[in-house]
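Chemist: Could you look at this predicted model? Sequence included:
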Amino acid sequence: MAGFFLKRFANAVLVLVGVVTLTFCLMRFTDGDPATIIALDKYGSTLISNTVIDRLAAEHGLCDPLPVQYFNWVRRVLSGDLGRSLRSDAPVWDEIMQRFPYTLQLAVLSILFTSALAIPLGIYAGVHQGSFVDRMTQWTASITVSVPDYYLAIVLIYGLTVKWTLLPSYGYGSVAHFVLPLAVLVSSRVGYTTRLVTSTTVDLMSADYVAYAELRGVPRHRIFFVHILKNALIPIVTHLSLQFLMALEGSVIVESIFAWPGIGKCMTDAVLGRDFTMIQGLVLFMGVLIVGMNFIVDLFYILMDQRVQVTGSRVGV
């Protein structure tokens, strides 16, 4: 078990090294000279000269060879220094930490609402196959997973804000501001999760150990809670953790539409403003977050599923 944990940790470190390297390369090989971009943002096109560009390049270490720039950047990253925003001149790390709680609120609430809706519906539909609830659940799930987030957001804004003025469509400040962004994030995730819970429940109900428990006369409620629900939670929790990461990643569209002050909106502003240091920091931050979450999910899966046997480099059941 310890060997497996160490191997997974080593793999996570290698992925992080790849994320750091790829982030650096993408920012260095994009169209346009970084020093010129900085000069344009700071002074405008009429006030810049080659002298100004050379001075800014020297200040940001852009005159050094690429390997030197890379190792200097890695050294700063390891010390917690992600640079300073070209637009606000504030430390990138401080900007991310200021914005991330807003994104985290949306992601956590979306997963809580998704779980509260999808798990009971999926289990009921799986236990009562062919029932009205099962058919309606599958029909609704098919619709919700087919509607893009941006389209649903526009429809909700038009119907509930423009036409009836029931809810605010942008900003942050009250409970009402959460309704529309959460409705968009939850809708598609409920569909995917309900389908997974239903199919998992159906598969487990037809498992041999469930049939054996019924032959032994084990009460149905005990079969459900001990043999079905307990084993169904393993793929469900794994799925929800991935949905949580997708909620963080997908926040770029939702936050931009609803002007939510999270890291998704920050990323959009950084791209439009050509703030490459902010983009670099945000990509690195999200990469570290995703790798860390995947590592935690792997460990959680091992601890939850007693059938898992760690053999070599792969997990076998």
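Modeler: Nice, I can see it.
Chemist: do you know how far residue 82 is from residue 281?
Modeler: Per C-beta to C-beta, to the nearest Å, residue 82 is found 4 Å from residue 281. All C-beta atoms are positioned from the backbone trio N, CA, C, and that covers glycine.
Chemist: what packs against the helix or strand containing residue 203?
Modeler: Here residue 203 sits within helix 176-205, counting by DSSP states H and E. Helix 176-205 sits against helix 92-127, helix 132-146, helix 149-157, helix 230-249, helix 251-258, with contacts defined as 3 or more C-beta pairs under 8 Å, 6 or more residues apart in numbering; DSSP states H and E.
Chemist: Would you mind listing the buried residues in it?
Modeler: Neighbour counts over helix 176-205 (16 or more other C-beta atoms under 10 Å) mark 177-178, 180-198, 200-201, 204-205 as buried.
Chemist: Please state the offset of that helix from the chain centre?
Modeler: Its chain's C-alpha centre and that of helix 176-205 lie 15 Å apart, by C-alpha atoms, centre = their mean, to the nearest Å.
Chemist: what's in contact with the following helix or strand past it?
Modeler: Sequence-wise, the next helix or strand downstream of helix 176-205 (DSSP H and E) is helix 208-215. Helix 208-215 is contacted from outside by 204, 220, 222-223, 227-228, using C-beta atoms under 8 Å, 6 or more residues apart in numbering.
Chemist: Let's see if you can find the most crowded of those.
Modeler: residue 228 (22 neighbours; other C-beta atoms under 10 Å).
Chemist: doesn't residue 204 make contact with that residue?
Modeler: Yes - between residue 228 and residue 204 there is a contact at 4.8 Å, judged by C-beta atoms under 8 Å.
Chemist: Sketch out the low-pLDDT regions of the stretch 1-150 of the chain for me.
Modeler: Residue ranges of the stretch 1-150 of the chain with pLDDT under 70: 1, 30-32, 44-47.
Chemist: on that earlier part again, need the contacts of helix 208-215 in JSON lines (columns: pLDDT and distance to residue 72).
Modeler: Listed next are the contacts of helix 208-215 as JSON lines, based on pLDDT from 0 to 100; distance: C-beta to C-beta, whole Å:
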{"residue": "204", "pLDDT": "89", "distance to residue 72": "54"}
{"residue": "220", "pLDDT": "84", "distance to residue 72": "65"}
{"residue": "222", "pLDDT": "86", "distance to residue 72": "62"}
{"residue": "223", "pLDDT": "85", "distance to residue 72": "61"}
{"residue": "227", "pLDDT": "80", "distance to residue 72": "57"}
{"residue": "228", "pLDDT": "85", "distance to residue 72": "56"}
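Chemist: got those as JSON lines, with distance to residue 276 columns?
Modeler: Converted to JSON lines, the contacts of helix 208-215 look like this (distance: C-beta to C-beta, whole Å):
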{"residue": "204", "distance to residue 276": "50"}
{"residue": "220", "distance to residue 276": "60"}
{"residue": "222", "distance to residue 276": "59"}
{"residue": "223", "distance to residue 276": "58"}
{"residue": "227", "distance to residue 276": "54"}
{"residue": "228", "distance to residue 276": "51"}
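Chemist: Go through these and name the one nearest residue 109.
Modeler: Taking C-beta to C-beta as the measure, residue 109 sits nearest to residue 228 out of these, at 28.1 Å.
Chemist: residue contacts, the closest one?
Modeler: By C-beta under 8 Å, 6+ apart, the contact list for residue 228 reads 201, 204-205, 210.
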